[in-house]
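> Next come a sequence and a model predicted from it.
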Amino acid sequence: SVSLLEHVKKISTVDIVPFNVKRNDAIGYEPAFVSNEDLYAMIPYKEKQKIEFCQRNQASKIIANSNSGFDLFFIDGDHTNHDIIFEDFKICRRMEKEDSIFIWDDYDPEKFAIKDVIRRIKNQYPEYDFLLVEFRGHLFGDKQSEKNAGMVLMKKGKFDENLFA
């Protein structure tokens, strides 16, 4: 959907899973066994041509071609390996601009290694501010929204306290 914005010229995605490899996913809240290629084929808009699909092992190419950097990083990867998650952050950090925003998916204080990586970043990089957006758990089925879980937004400097006013 971001590719539909006129001012967005290019979207680069990096995934550890190859573009044409099928995996369990969901479409319209229903289980599906699809690849990113299958999902891409379902998009009816010509603006999808702005999307570049890369694999994690191509990160150096993306860094070299990032020119002035990227506005947004969405980190949604390995949920259990602290080192891989932190490496994703370090790769993105090499391409950030002064006002870039990071979005960390699947933050949960009870599970996943993401919470430990965020704690580490808070300690090592005090220039970043963090904001938890609670939403997880209610998108599929009748489950209630989880507290203290969701996505964490991160950026250099403070978030505007009127952001959601």
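Arrived safely, thanks for sending.

> Would you mark the buried spots in the worst-scoring helix or strand of the chain on mean pLDDT?
Lowest on mean pLDDT, DSSP states H and E among the helices and strands of the chain sits helix 59-64, with a mean of 79. Buried positions in helix 59-64, judged by neighbour count with 16 or more other Cβ atoms under 10 Å: 59, 62. To be clear about C-beta, it is placed using only N, CA and C from the backbone, and glycine gets the same treatment.

> Show me how far that helix is from its chain's centre.
Offset of helix 59-64 from its chain centre (Cα atoms, centre = their mean, to the nearest Å): 17 Å.

> Check stretch 62-78 too.
From the chain centre to the centre of stretch 62-78 is a distance of 10 Å (Cα atoms, centre = their mean).

> Ends of that stretch, what's the gap?
Using Cα to Cα, to the nearest Å, one end of stretch 62-78 lies 20 Å from the other.

> Over to stretch 18-30?
Chord length of stretch 18-30, first to last residue, is 22 Å (Cα to Cα).

> Residues in contact with that stretch: which ones?
Residues outside stretch 18-30 that contact it (Cβ atoms under 8 Å, 6 or more residues apart in numbering) are 17, 31-40, 42, 53, 55, 139-140.

> No further queries at this time; thank you.
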